[in-house]
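Novice: Predicted coordinates and the sequence they were generated for:
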Number of protein chains: 2
Amino acid sequence: MMSEDSIKEYLRERALKATPIRVGLLSLLSERESAIPYSEIQENLKSFDRVTLYRTLNALIDGGIVHKASTSGDETYYALCSQKCSKHCHKHEHIHFKCTACHEVSCVHIEQAIKISIPNFQIEEVSVEVKGVCDKCCK
Amino acid sequence: MMSEDSIKEYLRERALKATPIRVGLLSLLSERESAIPYSEIQENLKSFDRVTLYRTLNALIDGGIVHKASTSGDETYYALCSQKCSKHCHKHEHIHFKCTACHEVSCVHIEQAIKISIPNFQIEEVSVEVKGVCDKCCK
DNA sequence: TTTTCAAATGCAACAATGTTGCATCAAAAA
DNA sequence: TTTTTGATGCAACATTGTTGCATTTGAAAA
């Protein structure tokens, strides 16, 4: 959860103008712990043009503020990056977990690094998506 | 690489009629080692209706014969399942590797199982997608 | 505060992707 | 060969995503 002022400051730090749709998108993403599907973002920001929303999402992904999560399903989910990401370095040391019960997608930070090596292959990026039942639904 | 006859037999084993588009799709997928992007499949099978292709892909995925690979990029890739998959159990003990040089997507079988555990979460399925440079392009 | 200007927006038009209903056709079994 | 269930093709539609361009606006300079 971020205040409007801190969102604006955050945007300016990244050389992005603090426009209403950007502030709206970041508010939405920051007040939720889980990643949010595109359709829900669209619903929440439907006062803005659809094209503008696409451009906003791309601009914020480009700026290292937002990332796509769980693209393997039908819908694309979006979530805030940890503040360590930059324009040219989207590093996510977490996995995306999609709960098959509540359908929430969350970014789970894991202790052990995932290391994969394949002979003669040069690994640049590993993304892991896990499906199952989350702690809330396991109760 | 599978013969037309073995493809037909394979389909019937799974209670799927051996129609021309299904045989065509499976021929295409089996004569290639890597996963194939939708656009290329579409191009190869353009004599068939676009709708029929979608239904064919879904039917074969449903039947445990084909799976989607590397959905996180822009395009969906498709590949043959190992013959162990069934209608209700798509188990893939491999990762999807997308080469950033040649853009080929391949299913790489890895020795060590990927085990991920998160406290209080029940894990059902783990999918791993790796980007980097493949052995052919590393030379 | 007002001016300035690059960047962001909204709109129109388009392209690609994916889905549904329905009449017709064909694969596989009787 | 006939039958029948499931697959196909076509039309129409829905969603997702993109591009060009005129207009507006955020933020910095005057």
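Specialist: Arrived safely.

Novice: which residues of chain A fall in helices?
Specialist: A:4-13, A:20-30, A:38-44, A:50-62, A:135-138 (DSSP state H).

Novice: Model confidence for the closest residue to residue A:99 other than its chain neighbours, exactly?
Specialist: Distance criterion CB to CB, 6 or more residues apart in numbering or on different chains; nearest residue to residue A:99, sequence neighbours excluded, is residue A:134 at 4.0 Å. C-betas here are computed from N, CA, C, even on glycine. At residue A:134, the pLDDT value in this model is 93.

Novice: Next, count neighbours for residue A:134.
Specialist: 23 (other CB atoms under 10 Å in any protein chain shown).

Novice: Same check on the one 5 residues further on?
Specialist: Residues contacting residue A:139 under the criterion other CB under 10 Å number 7.

Novice: cool, and residue A:135?
Specialist: Residue A:135 has 15 nearby residues by other CB under 10 Å.

Novice: Residue A:104 reaches residue A:37, doesn't it?
Specialist: No - using CB atoms under 8 Å, residue A:104 is not in contact with residue A:37; the gap is 9.9 Å.

Novice: Point out the residues in chain A that sit beside DNA strand D.
Specialist: Near DNA strand D, the residues belonging to chain A are A:8, A:11-12, A:17-20, A:38-39, A:42, A:50-51, A:54-55, A:58, A:75-76 when assessed by CB under 7 Å from any atom of the strand.

Novice: Now the buried members of these.
Specialist: When those are checked for burial by 16 or more other CB atoms under 10 Å in any protein chain shown, the buried set is A:8, A:11, A:76.

Novice: so what's residue A:57 up against?
Specialist: The contact partners of residue A:57, taken as CB atoms under 8 Å, 6 or more residues apart in numbering or on different chains, are A:25, A:41, A:66, A:78.

Novice: Now rank those by neighbours and give me the top one.
Specialist: Among the contacts of residue A:57, the one with the most neighbours (other CB under 10 Å) is residue A:25, at 26 neighbours.

Novice: Please name the nearest non-neighbouring residue to that residue.
Specialist: Distance criterion CB to CB, 6+ apart; nearest residue to residue A:25, sequence neighbours excluded, is residue A:56 at 5.9 Å.
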